[in-house]
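Trainee: Fold the following.
(one chain, ligands or ions: 1)
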Amino acid sequence: MERYHLTRSFNSEGYDLSIAEVSAHEPGLIPVLVELDLLSYAEPTFSRYTIGGMMRFGRIFVIRADELVIGACHTYRSFDDPDEVVVFNMALRPGWRGHGLGTRLLRGVLERLAAHGVKRVSLAVATNNHRAIAVYRSKFGFADVARLPNEFNNTQEYLLMRLDLGEWASRKP
Ligand SMILES: CC(C)(COP(=O)(O)OP(=O)(O)OC[C@H]1O[C@@H](n2cnc3c(N)ncnc32)[C@H](O)[C@@H]1OP(=O)(O)O)[C@@H](O)C(=O)NCCC(=O)NCCS
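Mentor: Predicted structure coming up:
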């Protein structure tokens, strides 16, 4: 396992980074993921019930630094196209953002989804979320599919993006 240094000067010990697919139901993770959600958004995305449902019937991936869960990615299969998986949500704990860890988490997620035979990944991202869009577009090649003016019945416009996993795998170094 690779030793990761958030800042070399302040943390000479570094962290063991790991990305895990939560394939068994782990109720103890629910409050951790609810808190991560509350730290990440002005309005809660999840409750204990939606996380519990996502854990059992969708697929959650977590990134840990040593034992601490520092981020998560929540996915489910598309009903209209079972070859497609939706990244419904991805977030890191605030202090861990902007260090390349979201990119690492998503890479780990896409590799595991590809190993499950998933062909495409789609997501909706707020058009003003420039950092997330930069990750999806520049790091992985997610393509813009459509603008969603009223996706969540708020005043925020969203962008529907999609990635062909086979094409992504063929581009990987
Ligand atoms: C979105 C999120 C998961 C990304 O993870 P992260 O670890 O912060 O992102 P990374 O450090 O891997 O990559 C960010 C990239 O965006 C770039 N970036 C940052 N701010 C940017 C901006 N305003 N405009 C364009 N690019 C920007 C960075 O330069 C970096 O690219 P680089 O490595 O080439 O310099 C994380 O920031 C997060 O949890 N945000 C809050 C929750 C959220 O918005 N989730 C997405 C919901 S769809």
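Trainee: partner strands of the helix or strand of the chain with the lowest mean pLDDT, parallel or antiparallel?
Mentor: None of the helices or strands of the chain scores lower by mean pLDDT, DSSP states H and E than strand 3-4, at a mean of 74. Strand 3-4 pairs in its sheet with strand 15-22 (antiparallel), by DSSP bridges.
Trainee: Pull the strand it pairs with out as PDB, backbone CA atoms only.
Mentor: Below are the C-alpha coordinates for strand 15-22, written out as PDB (Å, rounded to 0.1, in the frame of the first residue of the first chain):
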ATOM      1  CA  TYR A  15      -1.200   8.200   5.600                       C
ATOM      2  CA  ASP A  16      -2.100   4.800   4.200                       C
ATOM      3  CA  LEU A  17      -4.600   5.600   1.500                       C
ATOM      4  CA  SER A  18      -7.100   2.900   0.500                       C
ATOM      5  CA  ILE A  19     -10.200   2.800  -1.700                       C
ATOM      6  CA  ALA A  20     -12.800   0.200  -0.800                       C
ATOM      7  CA  GLU A  21     -16.000  -1.000  -2.400                       C
ATOM      8  CA  VAL A  22     -18.600  -1.400   0.300                       C
END
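Trainee: May I see the buried residues of it?
Mentor: Neighbour-count burial for strand 15-22, with 16 or more other C-beta atoms under 10 Å as criterion, is recorded at 15, 17, 19, 21-22. Every C-beta, even on glycine, is put in place using the N, C-alpha and C of the backbone.
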